[in-house]
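Engineer: structure here, sequence nowhere to be found:
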């Protein structure tokens, strides 16, 4: 501002002296250019926040010194474009900028794929042995009988296979210690292994 005022004072003195105006015409034009340069020179700043019609956060833009001094800087909306601040802005954006989420496309399974999954699950059920432990009363009688719902829960826990109570053929709960073959009611579309008549679940109840 001091340079601008000095330029104005020189111009005012030149205009008052008419003879000097003719003699100093060679310096008037450069002086005008110099005055314009000082007045309209803009600052390069880095935006810390996206501002409409100005730019996005992290971008370098040019603004008037007064706009930066009176508006952007007090509200920490921008910082001077020097290496120290540029480094801080870059590091801050690494921390707070949301990471791009890679879109995962789920390919629906075909009927053939589903049938393979059913076949694998049925074979695993048929080959596994489900082990439960129970307190007994007298002899081999269980204090608490084993029901369908409990078998379904144990299949999910021990074998990580989800079945429904309707998939088990268990007319009455298991009430004694021992080994049992519980028939499985699975879709007929699942082919049985050679020599098997039906799918079964092997259950072993031991004393607790």
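Structural biologist: Cool, got the structure. All values derive from a computational prediction rather than experimental measurement. Numbers count the residues shown, from 1 in each chain.
Engineer: and residue 194, how many residues sit next to it?
Structural biologist: 5 (other Cβ atoms under 10 Å). Where you see a C-beta, it was placed from the backbone N, CA and C, and this is true even at glycine.
Engineer: for it, give me its contacts.
Structural biologist: Contact criterion Cβ atoms under 8 Å, 6 or more residues apart in numbering gives no residues in contact with residue 194.
Engineer: how close does it get to residue 122?
Structural biologist: Distance of residue 194 to residue 122, computed by Cβ to Cβ, to the nearest Å: 14 Å.
Engineer: and residue 202, by the same measure?
Structural biologist: 13 Å.
Engineer: also residue 208?
Structural biologist: 30 Å.
Engineer: over to residue 172?
Structural biologist: Note on residue 172: its distance to residue 122, by Cβ to Cβ, is 24 Å.
Engineer: so these two - more neighbours on which side?
Structural biologist: More crowded of residue 172 and residue 122, by other Cβ under 10 Å: residue 122, with 21 against 8.
Engineer: so which elements touch the helix or strand harbouring that one?
Structural biologist: Assigned by DSSP states H and E, residue 122 falls within helix 111-127. Counting by 3 or more Cβ pairs under 8 Å, 6 or more residues apart in numbering; DSSP states H and E, the packing neighbours recorded for helix 111-127 are strand 200-207.
Engineer: partners of the strand it packs on, with directions?
Structural biologist: strand 129-134 (parallel), strand 178-183 (antiparallel) (DSSP bridges).
Engineer: quick one: the strands in this protein, in order.
Structural biologist: 43-47, 60-63, 78-80, 129-134, 141-146, 174-176, 178-183, 200-207 (DSSP state E).
Engineer: which residues touch the last one?
Structural biologist: In this case it means strand 200-207. Outside strand 200-207, the residues touching it (Cβ under 8 Å, 6+ apart) are 125-126, 128-136, 142, 146, 151, 155, 168, 174, 176-184.
Engineer: same thing but at 6 Å, please
Structural biologist: Residues from elsewhere that reach strand 200-207 (Cβ atoms under 6 Å, 6 or more residues apart in numbering): 125, 129-134, 136, 177, 179-184.
Engineer: quick check, nearest of those to residue 54?
Structural biologist: Of all these, residue 125 has the smallest distance to residue 54: 65.7 Å, by Cβ to Cβ.
Engineer: what about that closest one, how many neighbours?
Structural biologist: Residue 125 has 21 nearby residues by other Cβ under 10 Å.
Engineer: need the pLDDT of the closest residue to it other than its chain neighbours.
Structural biologist: Nearest residue to residue 125, sequence neighbours excluded (Cβ to Cβ, 6 or more residues apart in numbering): residue 201, at 5.6 Å. For residue 201, the pLDDT comes out at 93.
Engineer: cool, and residue 52?
Structural biologist: 87.
Engineer: neighbours of it, just the number please.
Structural biologist: With other Cβ under 10 Å as criterion, residue 52 counts 5.
Engineer: centre of the chain to the helix holding residue 122, how far?
Structural biologist: 34 Å (Cα atoms, centre = their mean, to the nearest Å).
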